[in-house]
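Asks: I'd like to go over a predicted model; first the sequence, then the structure.
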Amino acid sequence: MSERRVRGALFLDYVRMIRGQKSVAWENHLTPEDIGLVAQKIDPDGLYPMAVFERLGNAILREIGHGDIESVRMWGRISVDALRAKYPNLVAEGDPVDTLRRFSVMRGTFFDFEAVTVHTLHEEHAIIGIQYYMGPFAEEAASFQTMGFFERLLEVGGAQGVSAKFTSRSWTGDDGTRLQLDWKQD
């Protein structure tokens with residue numbers, strides 16, 4: 001497969017975090033080319049290399065998140081609101097299942113490969129496959145960010161009591177990552 005890429009709308013979040021922390025010695029984590037890309041105007045609809053996205057994410061987790069994986073999960077939750085603003089049709093109010101279906105249709109707009117796949121979807125239950133094809137440190141962080149994203153996405157879609165757990169983890173040697181989501185709906 002050719003180089004994997006991420007949509008500029010997601011890439012821009014990382015760039016903003018790095019630009020906002022001027023006291024951090026980013027050159028200790030990023031290549032000169034990465035730093036040059038961070039300095040450029042980012043096109044939200046453009047595609048950017050996943051390898052750079054991975055290095056930016058690793059640097060942010062180390063320098064801003066201090067390795068706290070729960071902060072990454074919270075970032076995933078927070079990111080839902082920005083995506084809702086950009087993609088108003090992402091959420092089906094009062095319908096978590098349709099919200100996940102809508103995400104499944106739109107996911108191709110975020111990456112040019114299948115990073116996140118809805119494998120199973122029933123009332124009050126879903127299984128999500130996650131595979132970003134990154135190193136273990138970045139894959140774990142991205143998976144927890146994805147977990148937070150889906151928790152919040154379901155909530156804004158009308159789900160209550162959302163429960164999320166990994167049933168397999170690629171970063172520990174499993175063949176892939178599977179996220180199980182369960183919820184209640186009135």
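Replies: In hand now; what should we look at? Residues are numbered from 1 along each chain as shown.

Asks: in the protein, what spans have low per-residue confidence?
Replies: 1-2 (pLDDT under 70).

Asks: residue contacts, the spatially most central residue of it?
Replies: The centroid of the chain falls nearest to residue 146 when counting by CA atoms, centre = their mean (4.4 Å). Contacts for residue 146 were tallied using CB atoms under 8 Å, 6 or more residues apart in numbering; they are 76, 116, 128, 130, 179. (C-beta placed from N, C-alpha, C; glycine too.)

Asks: okay, now the last one: neighbour count?
Replies: Going back to what we said before, that points to residue 179. Per other CB atoms under 10 Å, the neighbour tally for residue 179 reads 23.

Asks: and it, which of the three is it?
Replies: strand (DSSP: H, G, I helix; E, B strand; the rest coil).

Asks: separation between the residue nearest to the centre of the chain and residue 119?
Replies: 14 Å (CB to CB, to the nearest Å).

Asks: Among the contacts of residue 146, name the ones in helices.
Replies: residue 76 (DSSP state H).

Asks: want to try CSV for the contacts of residue 146, with distance to residue 66 as columns?
Replies: Converted to CSV, the contacts of residue 146 look like this (distance: CB to CB, whole Å):
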residue, distance to residue 66
76, 17
116, 26
128, 27
130, 23
179, 24
